[in-house]
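Engineer: give me the fold of what follows.
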Amino acid sequence: METVASRGLKYPARNPNKQSTPIPKPQQPNQFPSHLDTPNVSATARTLCDILTRSSPQDIETALSGSGIHPSEECVHEVLRLSYNYPSSAVKFFRWAGSLQKLSAHAWNLMVDLLGKNQLFEPMWDAVRSMKQERVLSLSTFASVFQSYCRADRFHEALMSFDVMDRYGVEQNVVALNSLLSAICSEDNQTNVGAEFFEKIKAKVVPDGDTFAILLEGWEKEANVPKAKTTFGEMVVRLGWNKDNVAAYDAFLITLVRGAEMDDAVKFLQLMKDHECFPGLKFFTSALDILVKRNDADHAVPMWDVMVGGGLVPNLIMYNAMIGLLCNNGEIEHAFRLLDEMVLQGAFPDSLTYNMVFECLVKNKKARETERFFVEMVKNECPPTSTNCAAAISMLFDCDDPEAAHEIWSYMVENHVKPLDESSNALLIGLCKLTRYTEVKRFAEDMLDRRIHIYESTMILLKDAFYKEGRSARDRYDSLFRRWKSHVKL
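Structural biologist: The predicted structure follows:
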């Protein structure tokens, strides 16, 4: 008995594909997943895919019939999902499978999607017509049609497809509208197309929170602050304040942040908080990332305060980002407050947290605070990095605290913190500036015994200092230099 799958398919009375014929986007070979690069393909599906890809076009149906395979419903779906790169072969498989059994609505939808993604729009509509006859046509089918047209830059045809939905027995409801808007706004710089259609259809189809979220996410992607404000304003007028619309709020706020309109972003944040429509951590994480990249602590601080005041608990990543931003801007006291606060919030500082604060103390020449914080870091098993240790040793010598500098170097040696070269050279230079030449020679010899590399620039500085002290000091340097020279040759 002849099935719909084996018959020639008729076109709809009003075919959106006939409205215009722009040049399609060039298709790249093997742009879709295939059975060759997809894991866990069933043996039966792999056999059928091999037939579709290896047989000559005229022999495919004969080869399928001769395989002795009667594919299950799931197997038909699997083969179709893996055959997007071979639409002609997929059609022949679809017809063959349809001659053996009644095909599922999902199989039909896969066929429509496969044809549409390959820009075979006339056969796609042929299949849509047949689906109507088979009573398996649904909104999912049209969602696929919308997406295929939009991916091909044929937005007019996507809009026309929406217009004819009701003729195929599919309601033009808000879910259908959102499917169309999502397909349009997913493409680059096309949100205006979606917004214009929304203006025409909103009297007929009442929008919901998802409708505005889709448009606002489009404006966010395009960084269009004025349009985002207009859309957001209409959403509030139509729908009021509703905490279920957090996706729309997030998109709107991120648009403001990316548009450097931070004062408005904080204002709207406070307004949302007052209406119990506070955004989630997703927004704050994204906004903080943007502000950190801009090194904008002035706006990050009030935003952070609103967030914490709204009851949201930042995670360790967010605390580290904020503390790092404050440290980069020399806001060390504020950074310490967050360091104390984060423990109370259950976000325990890690090595990165401590090292950012330690580095800030060193850069700002806070000698006493550096010494105390070093002790705390060691106690909490988050010691400074070797680079931070070297910088701290230099700073402590500059600030007349050689004992603390020596303490850090000794800790590095005893706990095998490597590399030691930079810190060791900093120690020698610091001692040399204090004219403690006996200690310089003793430490230098110890470093050579440990095979620590003393820089040539350091040796030049030591030579100048020792030679100025007279013959005895000169002899001590020469002795050290010979050892250093032999060490370098090794």
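Engineer: and the most centrally placed residue in the chain, how far from A248?
Structural biologist: Ranked by distance to the mean C-alpha position of the chain (C-alpha atoms, centre = their mean), the top residue is S286 at 9.5 Å. Applying C-beta to C-beta, to the nearest Å, one obtains 15 Å for the distance of S286 from A248. Bear in mind the C-beta positions are built from the backbone N, C-alpha and C, glycine included.
Engineer: what's the answer for F481, then?
Structural biologist: Looking at F481 against A248, where the rule is C-beta to C-beta, the gap reads 72 Å.
Engineer: with H416 instead?
Structural biologist: The span separating H416 from A248 equals 54 Å under the rule C-beta to C-beta.
Engineer: in the chain, which helix has the most residues?
Structural biologist: For the chain, the helix that runs over the most residues, judged by DSSP state H, is helix 471-489.
Engineer: now do it: which elements does it pack against?
Structural biologist: On a contact count with 3 or more C-beta pairs under 8 Å, 6 or more residues apart in numbering; DSSP states H and E, helix 471-489 meets helix 437-449, helix 456-468.
Engineer: now it: buried residues?
Structural biologist: Applying a neighbour-count criterion of 16 or more other C-beta atoms under 10 Å, one finds 473, 476-477, 480, 484 buried in helix 471-489.
Engineer: tell me the SS of the closest residue to F197 other than its chain neighbours?
Structural biologist: On the basis of C-beta to C-beta, 6 or more residues apart in numbering, the spatially nearest residue to F197 that is not a chain neighbour turns out to be L159, at 5.8 Å. In the three-state summary, L159 is assigned as helix, counting by DSSP: H, G, I helix; E, B strand; the rest coil.
Engineer: as CSV, the helices and strands packed on helix 471-489 with mean pLDDT and distance to I317 would be great.
Structural biologist: Formatted as CSV, the helices and strands packed on helix 471-489 follow (pLDDT from 0 to 100; distance: least, C-beta to C-beta, whole Å):
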stretch, mean pLDDT, distance to I317
helix 437-449, 93, 39
helix 456-468, 94, 39
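Engineer: pick the most deeply packed of those helices.
Structural biologist: By mean neighbour count, with neighbours taken as mean count of other C-beta atoms under 10 Å, helix 437-449 ranks first of the helices and strands packed on helix 471-489 at a mean of 17.
Engineer: tell me what angle that helix forms with helix 471-489.
Structural biologist: Calculated by axes from the mean of the first three to the mean of the last three C-alpha atoms, to 10 degrees, helix 437-449 forms an angle of 10 degrees with helix 471-489.
Engineer: how about the CA coordinates for helix 437-449, as CSV?
Structural biologist: Backbone C-alpha positions of helix 437-449 (Å, rounded to 0.1, in the frame of the first residue of the first chain) are rendered in CSV as follows:
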residue,chain,number,x,y,z
TYR,A,437,79.1,42.4,53.6
THR,A,438,80.0,39.5,55.9
GLU,A,439,76.5,38.3,55.7
VAL,A,440,76.4,38.8,51.9
LYS,A,441,79.4,36.6,51.5
ARG,A,442,78.1,33.9,53.8
PHE,A,443,74.6,33.8,52.2
ALA,A,444,76.1,33.9,48.7
GLU,A,445,78.3,30.9,49.4
ASP,A,446,75.4,29.1,50.9
MET,A,447,73.3,29.8,47.8
LEU,A,448,76.1,28.5,45.5
ASP,A,449,76.2,25.4,47.6
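Engineer: shouldn't E61 be in contact with F94?
Structural biologist: No: using C-beta atoms under 8 Å, E61 makes no contact with F94, being 11.0 Å away.
Engineer: neighbour count: those two, which is higher?
Structural biologist: Neighbours of E61 and F94, each counted by other C-beta atoms under 10 Å, are more numerous for F94; the result is 24 against 16.
Engineer: which regions of this protein lie under the pLDDT threshold?
Structural biologist: With pLDDT under 70 as the threshold, the chain has low-confidence stretches at 1-30, 489-490.
Engineer: domains for it, by residue range?
Structural biologist: Using automatic domain parsing, the domain parsing of the chain gives 1-12+32-137, 327-418, 419-490.
Engineer: thinking again about what came up before, isn't the residue nearest to F197 up against F198?
Structural biologist: No: judged on C-beta under 8 Å, L159 makes no contact with F198 at a distance of 11.0 Å.
Engineer: more crowded one of H416 and A248?
Structural biologist: Per other C-beta under 10 Å, whichever of H416 and A248 has more neighbours is A248, with 26 against 7.
Engineer: so how far is L180 from that one?
Structural biologist: Counting by C-beta to C-beta, the separation of A248 from L180 is 18 Å.
Engineer: and the host helix or strand of T141, what does it pack onto?
Structural biologist: Element membership for T141, per DSSP states H and E: helix 139-151. Using 3+ C-beta pairs under 8 Å, 6+ apart as the contact definition, the elements that helix 139-151 packs against are helix 105-117, helix 121-134, helix 155-163, helix 174-185.
Engineer: now these as a markdown table including mean neighbour count and distance to V306?
Structural biologist: Below are those laid out as a markdown table (neighbours: other C-beta atoms under 10 Å; distance: least, C-beta to C-beta, whole Å):
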| stretch | mean neighbour count | distance to V306 |
| --- | --- | --- |
| helix 105-117 | 23 | 44 |
| helix 121-134 | 20 | 49 |
| helix 155-163 | 20 | 39 |
| helix 174-185 | 23 | 29 |
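Engineer: nearest to T53, of those helices?
Structural biologist: In terms of C-beta to C-beta, the element of the helices and strands packed on helix 139-151 nearest to T53 is helix 105-117, at 14.6 Å.
Engineer: got the CA coordinates for stretch 344-352 in CSV?
Structural biologist: Output for stretch 344-352, consisting of C-alpha atoms alone and laid out as CSV, is shown next (Å, rounded to 0.1, in the frame of the first residue of the first chain):
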residue,chain,number,x,y,z
LEU,A,344,31.3,34.4,57.3
GLN,A,345,29.6,33.7,54.0
GLY,A,346,31.1,30.2,53.6
ALA,A,347,33.5,31.2,50.8
PHE,A,348,36.8,30.4,52.3
PRO,A,349,39.8,32.3,50.7
ASP,A,350,42.3,30.3,48.7
SER,A,351,45.9,30.8,47.7
LEU,A,352,44.8,33.3,44.9
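Engineer: which residues does it contact?
Structural biologist: 313-316, 319-320, 339, 342-343, 380, 382-383 (C-beta atoms under 8 Å, 6 or more residues apart in numbering).
Engineer: make it 10 Å
Structural biologist: Applying C-beta atoms under 10 Å, 6 or more residues apart in numbering, the external contacts of stretch 344-352 come out as 308, 313-320, 323-324, 338-343, 353, 355-357, 377, 380-385.
Engineer: ok so, going back, now the helices and strands packed on helix 139-151 as CSV including distance to T230?
Structural biologist: Below are these laid out as CSV (distance: least, C-beta to C-beta, whole Å):
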stretch, distance to T230
helix 105-117, 32
helix 121-134, 34
helix 155-163, 21
helix 174-185, 15
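Engineer: relative to V362, which of those helices is closest?
Structural biologist: Each of the helices and strands packed on helix 139-151 has some distance to V362 by C-beta to C-beta; the shortest is helix 174-185, at 48.5 Å.
Engineer: return every residue with contacts to both of L159 and F198.
Structural biologist: Shared contacts of L159 and F198 (C-beta under 10 Å, 6+ apart): 180, 184.
Engineer: how close does the spatially closest residue to V175 that is not a sequence neighbour sit to R154?
Structural biologist: Of all residues not flanking V175 in the chain, L139 sits nearest, at 6.2 Å (C-beta to C-beta, 6+ apart). In this structure, L139 lies at 20 Å from R154, with C-beta to C-beta as the measure.
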